[in-house]
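K.L.:
After the sequence you'll find the predicted model.
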Amino acid sequence: MINLPKHFKRLKRGPQVILPKDIGSILAYTGVNKESVCVDAGTGSGWLAISLARIAKHVTSYDIRDEFLEIARKNVQNEGLSNLDVKKHDVTKKISESDVDVFTLDMPNAEKALKNVKAALKEGGFVAGYLPHMEQVKAFVTALEKLKFTNIFTIENIERDILVREQGVRPSTKGVWHTGYLVFAQKQ
Ligand SMILES: C[S@@+](CC[C@H](N)C(=O)[O-])C[C@H]1O[C@@H](n2cnc3c(N)ncnc32)[C@H](O)[C@@H]1O
C-alpha cells in the first residue's frame with residue numbers, strides 16, 4: 001500500500017487541486033466503482049481524475065488549457081494509468097459521451113456545462129460539482145433545479161488536525177480551512 005496523500009504531493013501541480021478530504025466525499029457520495037464510466041472537467045493537474053481512475057473502469061478528463069493538459073498528462077503517465085484519457089475540449093460545448101455514471105466538474109462557470117452533463121449521464125448517474133464560492137453554489141444548484149436533477153445536496157468538509165500531546169489534546173491552530181463546497185445531484 002502507498003501513503004496516498006504523500007504520494008499525491010509528489011505529483012506536479014498547475015492550478016489549485018482537489019484535496020483528499022474532498023476527493024473522499026466525491027468517491028463516497030457518487031458510489032464510483034470498478035464498473036463506472038466517468039467524465040471530469042477541468043482536468044487541471046489531474047488529481048481528481050487520477051483519484052477516479054484508481055477506482056473506475058474508465059475516466060475521460062477535459063480541459064481547455066494546453067499547459068494544464070501537459071501537466072496532467074505527465075501525472076497520468078507517472079501513475080501508469082491506462083484507463084484515463086486527458087483531452088482538450090470545452091465541456092460547455094457539445095459532449096460526445098453518453099451513458100456516463102459519474103460526471104465531475106471543477107471549473108469556472110460549471111453551471112454552463114450542466115445541460116451537456118445531463119445529456120451525457122445515464123439514468124441514475126451522478127454529477128458532483130466542486131465550487132470554491134457560495135455564489136457559484138447558488139448558480140449551480142439553481143441550474144440543477146431548472147434541469148430537473150434530483151437528490152440535490154451541498155456539503156462543506158471541515159478537516160481539523162488534532163494535536164495529541166502530553167500537555168493536552170486539541171485541534172491545531174494551523175491547517176487548511178476553506179477549500180470548496182461540494183454539490184451532488186442525480187439524473188432521474
Ligand atoms: C481548479 S482546476 C481543476 C483541478 C482538478 N480538479 C484537480 O484536482 O487537479 C480548473 C480547470 O478547469 C479548466 N477549465 C475552465 N473552463 C473549462 C471548460 N469550459 N471546459 C473544460 N475545462 C475548463 C481550467 O483550464 C483549469 O485547468
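P.N.:
Looks like it arrived, so ask away.

K.L.:
What's the separation between K34 and A53?
P.N.:
Computed as Cβ to Cβ, to the nearest Å, the K34 to A53 distance reads 11 Å. Any C-beta I mention is one placed from the backbone N, CA and C, and that applies to glycine too.

K.L.:
which of the two has more neighbours?
P.N.:
When K34 and A53 are compared for neighbours, A53 comes out ahead with 24 against 8, by other Cβ atoms under 10 Å.

K.L.:
got the contact list for the more buried one?
P.N.:
With contact set as Cβ atoms under 8 Å, 6 or more residues apart in numbering, A53 has these partners: 38, 59, 76, 79, 81, 83-84.

K.L.:
Need the max-distance pair from those residues.
P.N.:
Based on Cβ to Cβ, the longest span within the contacts of A53 runs between C38 and E79 and measures 15.4 Å.

K.L.:
Among these two, which residue is more densely surrounded?
P.N.:
Between C38 and E79, C38 has the larger neighbour count (other Cβ under 10 Å), namely 28 against 17.

K.L.:
Which of the helices or strands spans the more buried one?
P.N.:
C38 is located in strand 37-41, with elements delineated by DSSP states H and E.

K.L.:
And for T142?
P.N.:
Using DSSP H and E, the secondary-structure element containing T142 is helix 134-146.

K.L.:
In the lowest-mean-pLDDT helix or strand in the chain, which residues are buried?
P.N.:
Here the helix or strand of the chain ranked lowest by mean pLDDT, DSSP states H and E is helix 4-9, holding a mean of 80. Under the neighbour-count criterion of 16 or more other Cβ atoms under 10 Å, helix 4-9 has F8 buried.
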